[in-house]
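Asker: Have a look at this prediction, sequence included:
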Amino acid sequence: MENNGPLVGTRNWIDHGVPPGTSGFSQSSGFGPTATSGSVSPFGHPGAYSSADYDLRIIAPAANQTGIWALVQEGGSSTFSWVQVAGSTTNPSFAVFPAASPVTGCFGVGEPCAPSTGIGVTYLNNGVRYASYYWGTTDGNPSMAGWTLQPGATSNAEGPVALATSSWSRRGVLFYLNTATNSMNVINLDTGGITALGHP
Amino acid sequence: MGAKRAGVLATGVVVGLVLGAGSARADNWASAGSMCEIYMNGPQMFAYTTQNGIWSVSSTNGGASWVTQNIEPDGSSLRQTQLACASDGRSQGLVVYRDGGSTLRSRDRLSGWAQTVLPGGVSSAGSGLTISMVPDAGKNKFAAFAIENNTTITMSVWDDTTTPKWTTATALAAVPGGISFALPDWLTSYSYAIGSSGPTQGSFPSSSWPTMAT
């Protein structure tokens, strides 16, 4: 269900249903959202704007282990539709703690480009794994990392992730818990470099 | 001036564990916790432990080094809670959370992370929180949504230029079909600007975003 409207004025509920072939959304056993969303406007233009000028992406894990689904409105469409996030069919037992953030996806800083949306998610698959995915316009070279496991996961705990836009990483940075060492890690998703931030 | 829209999505839940069951260990990152992100000149990430406060981690030198700061040192007021964060991409950022009495509070960056109560803001279960920056008439406001109980989701709006900064929480129309707040229902939100003003630079957290018409 979506409640949509201006800050002041009439707001309405919209029933988007569930992804095709699924029975519902993933459960979550901790604190954190089971859905995340973002909007990006690919290009500016003179005159009035409407919602169709934006790419809206609402990411929600599905409950039947088929992967991660997104409710999208893109490319000038005025309606939402359900799309399975490519590469998310790695049999997650259930996905928890998704996070998403616009990322530049540009070839170079300052170069005009259509932005991309990055997704980070924790899911259970022979232990907790942390994955990241980029959706939308890509930086092209090198090829996008796609849905890749991040190191540091163990099988005895789960934790949230945070995906942040960064001025020094076109693909952003992903924060996650290394439960083996009780440390918070941050990975530069451009380079794969990991920094252990420890524990306060 | 264009209308500014804020959306909120309530997600359904099949089965969930009971919240606040004491599973968290206060000194362990791996305990149940919450993270959210704020983008300024560099990324800032927030996490929490139930007794040690809310921690920000930030870097302004390309990730070469990171600074950890407790922005909620009054740990006694914390209860297990989801964090909700948002920023204007430049200087202001907010973190919303539940205190030990189910009241919603926030910390904001421009005040030096001063604590502010959301008038009328309640989160009985500590989940179902979300916040988005909403450009509005040249201002960067923030809209926070919270699940209060089985029938009520509220909206509060933050404006840096008003006193008080938070509006009193107002209830949205009832969710069709109802909600079950005792289960870990979650909210997520987004916002965008429509109308003659178009997107506002800074609406999105990227230093390389194309400059857009205003």
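Answerer: Everything's here; your move.
Asker: separation between the closest residue to A:S51 other than its chain neighbours and A:G9?
Answerer: In space, and not counting its chain neighbours, A:S51 is closest to B:I194: 6.0 Å by C-beta to C-beta, 6 or more residues apart in numbering or on different chains. Any C-beta I mention is one placed from the backbone N, CA and C, and that applies to glycine too. Computed as C-beta to C-beta, to the nearest Å, the B:I194 to A:G9 distance reads 12 Å.
Asker: the more surrounded of those two?
Answerer: Neighbours per residue (other C-beta atoms under 10 Å in any protein chain shown) separate B:I194 from A:G9, with B:I194 holding more: 19 against 8.
Asker: What values do phi and psi take at the more buried one?
Answerer: Main-chain dihedrals, B:I194, degrees, to the nearest 10: phi -130, psi 160.
Asker: just checking, it touches A:G47?
Answerer: No: assessed by C-beta atoms under 8 Å, B:I194 is found out of contact with A:G47, at 11.5 Å.
Asker: any idea how far A:P20 is from A:G120?
Answerer: Distance of A:P20 to A:G120, computed by C-beta to C-beta: 24 Å.
Asker: Can you give me every residue that contacts A:I58?
Answerer: By C-beta atoms under 8 Å, 6 or more residues apart in numbering or on different chains, the contact set of A:I58 is A:E2, A:A35, A:T36, A:S37, A:A70, A:L71, A:V72, A:F80, B:L9, B:T188, B:Y190.
Asker: With just CA atoms, put the helix or strand harbouring the fifth one into PDB.
Answerer: I take that to be A:A70. Element membership for A:A70 (DSSP states H and E) is strand A:68-73. Output of strand A:68-73 as PDB, limited to C-alpha atoms (Å, rounded to 0.1, in the frame of the first residue of the first chain):
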ATOM      1  CA  ILE A  68      14.100  -9.300  -4.900                       C
ATOM      2  CA  TRP A  69      11.400  -7.400  -6.700                       C
ATOM      3  CA  ALA A  70      11.000  -3.800  -7.400                       C
ATOM      4  CA  LEU A  71       8.000  -1.700  -8.000                       C
ATOM      5  CA  VAL A  72       9.000   0.700 -10.700                       C
ATOM      6  CA  GLN A  73       7.800   3.700 -12.700                       C
END
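Asker: can you pull the contacts of A:V8?
Answerer: If a contact means C-beta under 8 Å, 6+ apart, then A:V8 has no contacts.
Asker: can you give me the helices in chain A?
Answerer: Taking DSSP state H, chain A contains no helices at all.
Asker: residue boundaries of the strands in it?
Answerer: A:2-6, A:12-14, A:36-40, A:55-61, A:68-73, A:81-84, A:95-103, A:116-124, A:128-136, A:148-150, A:162-166, A:169-178, A:183-188, A:194-198 (DSSP state E).
Asker: mean pLDDT for the ones you listed: which is lowest?
Answerer: Looking at these, the lowest mean pLDDT belongs to strand A:128-136 (a mean of 64).
Asker: Just grab the bridge partners of the closest residue to A:I194 other than its chain neighbours for me.
Answerer: Excluding its sequence neighbours, the residue lying closest to A:I194 (C-beta to C-beta, 6+ apart) is A:I187, at 4.8 Å. With DSSP bridges as the criterion, A:I187 is bridged to A:L174, A:I194.
Asker: For chain B, which residues score under the pLDDT cut-off?
Answerer: Scanning chain B for pLDDT under 70 picks out the ranges B:1-33, B:40-52, B:75-81, B:180-185, B:196-214.
Asker: For chain B, which segments are assigned as strands?
Answerer: With DSSP E as the criterion, chain B has strands spanning B:4-11, B:35-39, B:43-49, B:53-58, B:67-70, B:84-87, B:93-98, B:103-108, B:114-122, B:129-136, B:139-147, B:153-158, B:170-171, B:186-193.
Asker: How about the fourth one and chain A, touching?
Answerer: Meaning strand B:53-58. Yes: contact of strand B:53-58 with chain A (C-beta under 8 Å from any C-beta of the partner chain) involves B:W55, B:V57.
Asker: So which elements touch that strand?
Answerer: In this structure, strand B:53-58 packs against strand B:43-49, strand B:67-70, with contacts taken as 3 or more C-beta pairs under 8 Å, 6 or more residues apart in numbering or on different chains; DSSP states H and E.
Asker: That strand pairs with which strands, and in what direction?
Answerer: strand B:43-49 (antiparallel), strand B:67-70 (antiparallel).
Asker: measure the nearest residue to B:L104 once chain neighbours are set aside to A:R170 for me?
Answerer: Sequence neighbours aside, B:G121 is the residue nearest to B:L104 in space, at 3.3 Å (criterion: C-beta to C-beta, 6+ apart). To A:R170, B:G121 is 37 Å away according to C-beta to C-beta.
Asker: Quick check: A:V103 touching A:G172?
Answerer: Yes: with contact defined as C-beta under 8 Å, A:V103 reaches A:G172; the gap is 4.4 Å.
Asker: Check the contact lists of these two and give me the overlap.
Answerer: A:G118, A:T165.
Asker: Quickly list what A:V103 is bridged to.
Answerer: A:V103 forms beta bridges with A:S116, as assigned by DSSP bridges.
Asker: Check B:T154 too.
Answerer: With DSSP bridges as the rule, B:T154 is bridged to B:A146, B:A171.
Asker: what's near enough to touch it?
Answerer: B:G120, B:G121, B:V122, B:F145, B:A146, B:E148, B:A169, B:T170, B:A171, B:L172.
Asker: For those, which PyMOL command selects only the ones that are buried?
Answerer: Entered in PyMOL, the line below selects the buried ones among the contacts of B:T154, by 16 or more other C-beta atoms under 10 Å in any protein chain shown:
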select buried, chain B and resi 120+121+122+145+146+148+169+172
